[in-house]
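Novice: one predicted model, sequence on top.
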Amino acid sequence: MTMHFLLLFSRQGKLRLQKWFTPIPEREKKKIVRDMTTMVLGRKPRSCNFLHWKDLKIVYKKYASLYFCCGLDAEENELLALEVLHRYVELLDKYFGNVCELDIIFNFEKAYFILDEFLLGGEVQETSKQVVSRSIEASDMLQEVSERPCSR
Amino acid sequence: MSPSVRLQEMIRVIRGARTQGEERGVIQRECAAIRAQFRQADNGTRSHNLAKLLYVHMLGYPAHFGQMECVRLIASPRYNEKRVGYLGAMMLLDEKQDASLLITNSIKNDLSHSSQYVQSLALCTLGCMGSAEMCRDLAPEIDRLLRASNSYIKKKAALCAVHIVRKVPELGELFTPASRSLLSEKNHGVLHGAVVLITELCERNPETLEQFRKAVPELVQIMKGLVMSGYSPEHNVAGISDPFLQVRILRLLRILGRNNETASDAVNDLLAQVATNTDSSKTAGSAVLYETVLTVMDIKSESGLRVMEYISMTSLQKIVQTDHNAVQRHRGTIVDCLKDQDASVKRRALELSLALVSAVNIRSLMKELLLFLSSCPPELRAHTTSGIFNAAERYAPSQRWHIDTILHVLTTAGGDVRDETVPNLIQLITTATELHCYTVHKLYRALIADISVQSLVQVACWCIGEYGDLLLRGECEETEPVQVAEDDVLDALETVLQSHMSSPATRGFALTATMKLSTRITHNVDRIRSIVSIYGSCIDVELQQRAVEYNALFKKYDHMRAAVLERMPVIDKSSPGHTNGESAGGSIKEMEPTKRTQEVVLPQEPANQVCDLLDLLGGSGEPPQPSPALSTTMLGPVSSTAGGDLLDLLGGLDVTPVPPSVIVYEKNGVTLKLQTDRQTDTGMTITLTATNSTDREITSLTLQAAVPKSVQLQMKAPSGDVIPAHGLGQVTQTVLLNNPNKVSLKMRVRVCYTSQDFVCQDTVQIDSFPSPAW
């Protein structure tokens, strides 16, 4: 599932997470974010989850107050992209326990770490939920240890 | 205080800012503090400061001064610092920055770190933002990791290799051997990564593609295992075992099977299995099914072709509900399948095509469907025609297109259309007022070409009867006008009348059309007269009746003929006449036969007559309780039998308002009076009284009434149905009206009686009621 980018934003258009898998200048990133938020927030509630924007397919899904939005190549399987977004939400939910937007705001770096255990270079790296969760736990453990003053 | 609380504290403060200005102020302060911290020596807070900076960056504020800090943190021996450092690198650095080169060394070191989590950080960062130079530098390391490490690292290395190949395609050769062996891994993560890598390699290099064709059987095996295996909790998504892996394998098989017989053959079986065994009720299943279909469409295989197309159609049908747009993309292929030899494939393609019709593609898709219709197997024709009509009705871009389409269908497959097509088309034609001339021309041409398709002939006759004057005028904007004389038109209609191919209904259409032309042509009225009188002794009773009536119209009621045969008003599709199942377009001619009875009393008669009354009032909802069954024989004047419609055309009768007991009808010696017994806000009770001043008694008196919608009517039993002669007696009938919505009360009363062996029937309108007696 070759993703170009993955964005999370709130109903008011506030960005909560942005992951870019292709090198894009800063200014253009900002423009894409603006375009995405405008397009997606402007959709009616029961619209289809797929959009076209330039030469990309945009797949988005709303979970409570957050919009999960990703951009794919035109030949990609958008139905699978929906599954990818869903899997990410499940992972967040498992980690935070009934995840809500505030969890992601105040622990944004954790949201990134989780994403980085699930996707790599825009592709799915691990298809098992349990394996991803276990990896995160282990990394967190390692972090905790390394934070102690006497650790190496 | 634990360091990370400081980050969360800052976030809280920033969110608490009430204005943009306030937020900016907070952030400026924080950034200044962070900068200062960065300049200091290592004090254990660097990672948290960077994290704060990254948050600020996400809000949209500049954070480039953190780039060097990322580099420093990545080089740190502590995992927590590395973690944030790498995150920062991915967020703040990209390959265009110079600073990114500085981390190459750190990454190299970390790729061989003893902790797999450190290795993971390095791999992730390289796979996300590695520049071409970095990739070239580190490719051998990645290759090493692909071969000899644990599955956790292997899967990441595989995707990292994908990134490298995208950046530096020549390096693909380096990874080919390792990727081949990865296919034998059991670990799904590794397998997935391997499939993605192999896909990337094959897409870029045709030689590599050749090589990997040999792997097709292996891939098929893996896929089979996934599809047919039982429940695997670790990888199960909505009943599908690892949909991510399945989709990737299908994609790879598609690439490998393209333009290659042997590979395709091997895959066919699998695809059929996947298609049939995959439950598409949830997105996961649909995703797999969708990929299957795309694969089927791409690969060629002689033997399995029909089956594959059939299966892909079935799958697409399942998907079209969930993802209409995705299926639209393959409309071209689906349309091609319409031309397939196999009947089942055609059927599936037809279903799918009809499901895909939309306002956007209606014109092009309809062309294909019409083409299909001309060669489609007989068992599919009825379904196709009704599908086409539905689609045309919903998405017709213009009336002319709509009419053309229906005419095309009738010409091609008129024998297989449903019954209501004829009235529907007539209704459509009447609404397209600007196109009357065009339509009648087209239909006339169709008629003289071929009179075997009954539905087409019926519509054509109706049109010619209705718009014959436009035809004879010899001019038309939208199409080449025909130069036709009145005789030619009458010839055409007569041919229909006399042809043994014409059904009785069709002949009825033709006769009525001929009659209607009597007011639209100037020279040949006598010919019409003679046709009509000939059919007065036709064996077909239906035709005979019509002819006799038309004859009467010529003889006794010639003054009314023009009005009777006038142009029809535009028919409202929802009018009761229509919904009662009668042809709206044929209200004059169709109503007549139903009102015709022989000497037999038909119980349904009253209902029909009641409907006429309703028509008069413009579609009142409530049918009044009909009085006991009437007998009507045929002999009355035309006005009585076609009474309802005539009055529709000619407008209502005049009524003058009158004091308490009102005479509402007076004719043939029969007088009908109306008296209001009681009146309240929401209703009234009235009495109708009939008297007879003739020499002979009046028999079979019946009164019927109709009122506007929302008013309820109840007619009590009449006192009798015989009115004695010489005014010596009367018949009374009480009527209760309930008017809860307080609409203005009107009523139409139909009076029927036999007087001196003559059946009379008249209708009166009562617009206002006398004030009550008390």
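Specialist: Okay, I see it. Numbering: from 1, shown residues only, chains lettered A, B, ... in the order given.
Novice: for stretch B:707-715, buried residues please.
Specialist: Residues B:Val707, B:Pro708, B:Val711, B:Leu713, B:Met715 are the ones in stretch B:707-715 that count as buried (16 or more other CB atoms under 10 Å in any protein chain shown). C-beta here means a position set from N, CA and C on the backbone, and glycine is covered the same way.
Novice: which residues does A:Met36 contact?
Specialist: A:Leu7, A:Phe9, A:Trp53, A:Ile58, A:Cys69, A:Gly71 (CB atoms under 8 Å, 6 or more residues apart in numbering or on different chains).
Novice: tell me which of these fall in strands.
Specialist: Judged by DSSP state E, these include A:Leu7, A:Phe9, A:Trp53, A:Ile58, A:Cys69, A:Gly71 as members of strands.
Novice: how much space between the third one and A:Arg34?
Specialist: Looking back up the chat, that one is A:Trp53. Applying CB to CB, to the nearest Å, the value for A:Trp53 to A:Arg34 is 12 Å.
Novice: so where's the stretch 601-750 of chain B shaky on pLDDT?
Specialist: For the stretch 601-750 of chain B, the stretches flagged by pLDDT under 70 are B:601-660.
Novice: one step back: reformat the buried residues of stretch B:707-715 as TSV; add secondary structure and distance to B:Thr439.
Specialist: As requested, the buried residues of stretch B:707-715 are exported to TSV (DSSP: H, G, I helix; E, B strand; the rest coil; distance: CB to CB, whole Å):
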residue	secondary structure	distance to B:Thr439
B:Val707	coil	38
B:Pro708	coil	35
B:Val711	coil	40
B:Leu713	strand	41
B:Met715	strand	45
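Novice: now, the most widely separated pair of these?
Specialist: Across those, the two members that end up farthest from each other (CB to CB) are B:Pro708 and B:Met715, 16.0 Å apart.
Novice: how many residues are close by A:Gln12?
Specialist: Neighbours of A:Gln12 under the rule other CB atoms under 10 Å in any protein chain shown: 8.
Novice: helix, strand or coil for it?
Specialist: The assignment at A:Gln12 comes out as coil when based on DSSP: H, G, I helix; E, B strand; the rest coil.
Novice: now do the end-to-end distance for stretch B:324-338.
Specialist: Start-to-end span of stretch B:324-338 (CA to CA, to the nearest Å) is 19 Å.
Novice: for the contacts of A:Met36, point out the one with the lowest pLDDT.
Specialist: Within the contacts of A:Met36, A:Trp53 has the lowest pLDDT, namely 89.
Novice: is the helix or strand bottoming out on mean pLDDT in chain A in proximity to chain B?
Specialist: Least confident element among the helices and strands of chain A, by mean pLDDT, DSSP states H and E: strand A:50-53 (a mean of 88). Yes - contact between strand A:50-53 and chain B is present through A:Phe50 (criterion: CB under 8 Å from any CB of the partner chain).
Novice: neighbours of B:Leu50, how many?
Specialist: 28.
Novice: quick one: it from chain A, how far?
Specialist: Applying CB to the nearest CB, to the nearest Å, the value for B:Leu50 to chain A is 10 Å.
Novice: contacting residues around that residue?
Specialist: Contacts of B:Leu50 (CB under 8 Å, 6+ apart): B:Gly66, B:Glu69, B:Cys70, B:Leu73, B:Val84, B:Gly85, B:Gly88.
Novice: tell me the secondary structure at it.
Specialist: Applying three-state DSSP to B:Leu50 yields a three-state assignment of helix.
Novice: avg pLDDT for the one helix or strand B:Ile249 maps to?
Specialist: Here B:Ile249 is covered by helix B:243-257, with elements defined by DSSP states H and E. Averaged over helix B:243-257, pLDDT sits at 91.
Novice: helices or strands up against it?
Specialist: Based on contacts counted as 3 or more CB pairs under 8 Å, 6 or more residues apart in numbering or on different chains; DSSP states H and E, the elements that helix B:243-257 packs against are helix A:78-96, helix B:188-204, helix B:206-213, helix B:216-228, helix B:261-277, helix B:283-298.
Novice: these two touch, right, B:Asp342 and B:Arg348?
Specialist: No - using CB atoms under 8 Å, B:Asp342 makes no contact with B:Arg348, being 9.4 Å away.
Novice: of those two, who's got more company?
Specialist: A count of neighbours by other CB under 10 Å puts B:Arg348 above the other of B:Asp342 and B:Arg348, at 24 against 15.
Novice: re the thing from before, kindly export the least confident helix or strand of chain A (C-alpha atoms) in CSV.
Specialist: Taking C-alpha atoms only, strand A:50-53 is exported to CSV below (Å, rounded to 0.1, in the frame of the first residue of the first chain):
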residue,chain,number,x,y,z
PHE,A,50,-12.6,8.1,-1.8
LEU,A,51,-11.6,11.3,-3.6
HIS,A,52,-9.5,12.3,-6.4
TRP,A,53,-6.9,15.1,-6.0
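Novice: and that strand, which strands flank it?
Specialist: Here strand A:50-53 has these sheet partners by DSSP bridges: strand A:56-63 (antiparallel).
Novice: ok, back up a step: now, of the contacts of A:Met36, which are buried?
Specialist: Neighbour-count burial (16+ other CB under 10 Å) applied to these gives A:Leu7, A:Phe9, A:Ile58, A:Cys69, A:Gly71.
Novice: sorry, back to before: redo the contacts of B:Leu50 as a markdown table? Include pLDDT, distance to B:Ser112 and secondary structure.
Specialist: As requested, the contacts of B:Leu50 are exported to a markdown table (pLDDT from 0 to 100; distance: CB to CB, whole Å; DSSP: H, G, I helix; E, B strand; the rest coil):
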| residue | pLDDT | distance to B:Ser112 | secondary structure |
| --- | --- | --- | --- |
| B:Gly66 | 89 | 27 | helix |
| B:Glu69 | 90 | 24 | helix |
| B:Cys70 | 91 | 21 | helix |
| B:Leu73 | 91 | 19 | helix |
| B:Val84 | 93 | 22 | helix |
| B:Gly85 | 93 | 18 | helix |
| B:Gly88 | 93 | 22 | helix |
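Novice: if you rank those residues by neighbours, which is first?
Specialist: B:Val84 (28 neighbours).
Novice: helix or strand right after the helix or strand of chain B with the lowest mean pLDDT?
Specialist: Ranked by mean pLDDT, DSSP H and E, the weakest helix or strand in chain B is helix B:643-650, scoring a mean of 32. Next along the chain after helix B:643-650, taking DSSP H and E as the criterion, comes strand B:661-667.
Novice: got the angle between the helix or strand just after that next one and strand B:661-667?
Specialist: Counting by DSSP H and E, the next helix or strand C-terminal to strand B:661-667 is strand B:670-680. Strand B:670-680 and strand B:661-667 are oriented at 150 degrees to each other (axes from the mean of the first three to the mean of the last three CA atoms, to 10 degrees).
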